[in-house]
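J.: I would like the atomic coordinates for the input below:
(one chain, ligands or ions: 1)
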Amino acid sequence: MPQEQIDKRKKIRIASILAKKERGEKISMLTAYDFYTAKLLDQAGVDMLLVGDSAAMVIHGHKNTLPITTETMLDHTSAVTRGCRYALVIADLPFMSYHISKEQAIATSGRFIKEALAEAVKLEGGQRMAETVRRIVQSGIPVMGHIGLTPQAVNQLGGYRVQGKSSREAIEILEDARALEEAGAYSIVLECVPAPLAALITERLTIPTIGIGAGVHCDGQVQVFHDLLGLFSDFVPKHARRYANIGDEIKAAVAEYAGDVQTQAFPTDKESFTMKQSVLEELAEQTAQQPA
Ligand code: KIV
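T.: Numbering: from 1, shown residues only. All right, here's what the predicted structure looks like:
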């Protein structure tokens, strides 16, 4: 997006996201977890920022998304909302923060809206979560669904595999999408489903689909920030495209800094503070008088 267009942006709201689908305009979403990154992504013109529970992996180094807590996600979400002016901020509800009861789901969602100033929440699950979605929406909180590969169910799914390859599974995912739409979700993430299935779901729904590994026909796309910028090198998912290799740039810059410290090329006078010669002389005199 050209800079003048970014500068003229209006705050993105749920209605703007729905209007984009109606106009056939694509929607961009990226994950963000901290203040400065959120500020950069917002200034770059992305439509929605997702404070994803992928933070468990890419920020905290866990092997899956399950361990992250509501408190930690609230901290990440507050940092992102403080850095963000235009994009719509969605908070991911952590594992087990909405599964126990509908009341628990409403209470957790409410904390993200009241304490961290998120504008919507995202939760995983289709038909089995539809009533929970309905109740959260009834309490005035916009909900984004998430179906297909649902990483919080990794132990049940037995790994991170493409979902919906058989007709039985595909019908199930379509039913999940319909149930979420009917329950009042404003949008749905489709993760790792075959592109033709995502296209069919996108055509059948009036709410926008946001794909990750779901092909080009979704109404929008979401990626994990670290995958997009080459910050996470343990593995590169097939659906990710590297737009930069910031990880390599960080390593090169830090190696140069460490080298400069060793050789005393850093800091120079330019990066140091001086004091008046008279003060220095006074100091020398006073410290010389002190007993050793
Ligand atoms: O947590 C996350 O980053 C997500 C996206 C992959 C959609 O849920």
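
J.: switch to C-alpha atoms for all contacts and neighbour counts from now on
T.: OK.

J.: show me what from the stretch 51-200 of the chain comes close to the ligand.
T.: Taking C-alpha under 6 Å from any ligand atom as the measure of proximity, the stretch 51-200 of the chain contacts the ligand at 52-54.

J.: just checking, what packs against the helix or strand harbouring Ser278?
T.: Per DSSP states H and E, Ser278 falls inside helix 277-289. The criterion is 3 or more C-alpha pairs under 8 Å, 6 or more residues apart in numbering; DSSP states H and E, and there are no helices or strands that helix 277-289 contacts.

J.: could I get the residues of the stretch 51-200 of the chain next to the ligand as CSV with distance to Pro2, pLDDT and neighbour count?
T.: CSV is the format used below for those (distance: C-alpha to C-alpha, whole Å; pLDDT from 0 to 100; neighbours: other C-alpha atoms under 10 Å):
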residue, distance to Pro2, pLDDT, neighbour count
Gly52, 27, 98, 22
Asp53, 31, 98, 29
Ser54, 30, 97, 26
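
J.: can you add secondary structure and give these back as TSV?
T.: Below are these laid out as TSV (DSSP: H, G, I helix; E, B strand; the rest coil):
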residue	secondary structure
Gly52	coil
Asp53	coil
Ser54	coil
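
J.: tabulate the residues you listed in a markdown table, adding columns for distance to Ile17.
T.: Rendered in a markdown table, the data for those read as follows (distance: C-alpha to C-alpha, whole Å):
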| residue | distance to Ile17 |
| --- | --- |
| Gly52 | 19 |
| Asp53 | 22 |
| Ser54 | 23 |
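
J.: which one of the residues you listed is nearest Thr108?
T.: Nearest to Thr108 among those, counting by C-alpha to C-alpha, is Asp53 at 14.2 Å.

J.: residue contacts, whatever residue of the stretch 151-292 of the chain ends up closest to the ligand?
T.: With C-alpha to the nearest ligand atom, the shortest gap between the stretch 151-292 of the chain and the ligand falls at Val224, namely 5.4 Å. Going by C-alpha atoms under 8 Å, 6 or more residues apart in numbering, Val224 touches 30-31, 54.

J.: contacting residues around stretch 64-78?
T.: 33-34, 51, 53-57, 91-95, 97, 108, 111-112, 115-118, 151-152.

J.: would you confirm that Phe35 contacts Val80?
T.: Yes: using C-alpha atoms under 8 Å, Phe35 makes contact with Val80 at a distance of 4.8 Å.

J.: and the two? Which one has more around it.
T.: Val80 (30 against 17; other C-alpha atoms under 10 Å).

J.: so what's Gln262 up against?
T.: Taking C-alpha under 8 Å, 6+ apart, one finds nothing in contact with Gln262.

J.: among the contacts of stretch 64-78, the buried ones, what's the PyMOL command?
T.: Entered in PyMOL, the line below selects the buried ones among the contacts of stretch 64-78, by 16 or more other C-alpha atoms under 10 Å:
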select buried, resi 33+34+51+53+54+55+56+57+91+92+93+94+95+97+108+112+116+117+118+151+152
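
J.: just the ones of the contacts of stretch 64-78 in helices?
T.: 55-57, 108, 111-112 (DSSP state H).

J.: check which helix or strand the spatially closest residue to Ile136 that is not a sequence neighbour maps to.
T.: Sequence neighbours aside, Ile106 is the residue nearest to Ile136 in space, at 5.2 Å (criterion: C-alpha to C-alpha, 6 or more residues apart in numbering). Assigned by DSSP H and E, Ile106 belongs to helix 102-114.

J.: by mean pLDDT, flag the weakest helix or strand of the chain.
T.: helix 3-7 (a mean of 73; mean pLDDT, DSSP states H and E).
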